[in-house]
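A.B. asks: My questions concern the predicted model and sequence given below.
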Amino acid sequence: MQVTQETVVSQYEWIQGRAGRTVEIINDVRGLLGPEFDTVVDPVTVQAYQQEVDTIFADGDLAVNVTALVSILRGLNVQADYPGFIVDELLGRELAGMIAGRQPLRLLGEATFHYADVHVDDDTHAGVDDLDAALAAGFQTRLPGWEWTERESPFAVVD
């Protein structure tokens, strides 16, 4: 695979164009996770998602790595899927964490990927459902809406 500036732009446009599908999955996942943690999680808008995609792709180092993972997942298909189960899970989890950000958000994005992946299905390619789950998990983790991310940490040491 050759990743160029044109490749990055192409994947950026594809991810932006997938906003409706990704936001739908994000809001479904948030709707399922909220009650699990006894909280209400604000839904995400297409505009907020697209602004966050812009933020990811404004960081060239991050953008090229997101591009590579998205490119691989978009093209990944394994006959009968199960033998490829590990690689698409690994790539999806990594993409979700990369998008989510620094720890602890990275780990939450990775964990949420597995949760989202159970609820996402695409019959065309093995990697596409993992890609959808990864985008949803990563972006839903980094976007506002969770009460605990909206407040100052009680563990911060202030001098």
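C.D. replies: Received it, and whenever you're ready, just let me know what you need. Numbering: from 1, shown residues only.
A.B. asks: What residues does Leu95 make contact with?
C.D. replies: Each residue near Leu95 by C-beta atoms under 8 Å, 6 or more residues apart in numbering is listed here: 66, 69-70, 73, 113, 131, 134-135, 138. For glycine as for every other residue, the C-beta is placed from the backbone atoms N, C-alpha and C.
A.B. asks: If you rank the residues you listed by neighbours, which is first?
C.D. replies: Ala134 (35 neighbours; other C-beta atoms under 10 Å).
A.B. asks: which ones are touching that one?
C.D. replies: Taking C-beta under 8 Å, 6+ apart, we find Ala134 in contact with 69, 73, 91-93, 95-96, 99, 113, 116.
A.B. asks: Pull the number of nearby residues for Trp146.
C.D. replies: 18.
A.B. asks: got a list of what it touches?
C.D. replies: 39, 41.
A.B. asks: At which residues are the helices of this protein located?
C.D. replies: Secondary structure of the chain, counting by DSSP state H: helices at 5-17, 19-36, 46-58, 60-75, 85-100, 105-118, 126-142.
A.B. asks: between those, which one is nearest to Val158?
C.D. replies: Set against Val158 and scored by C-beta to C-beta, the helices of the chain come closest in helix 105-118, at 21.8 Å.
A.B. asks: sorry, back to before: which stretch among the helices of the chain comes nearest Arg151?
C.D. replies: Distances from Arg151 to each of the helices of the chain were compared using C-beta to C-beta; the minimum, 15.0 Å, belongs to helix 105-118.
A.B. asks: so what secondary structure elements neighbour the closest one?
C.D. replies: In terms of contact count using 3 or more C-beta pairs under 8 Å, 6 or more residues apart in numbering; DSSP states H and E, helix 105-118 is assigned the packing partners helix 19-36, helix 85-100, helix 126-142.
A.B. asks: I appreciate the help and will end here.
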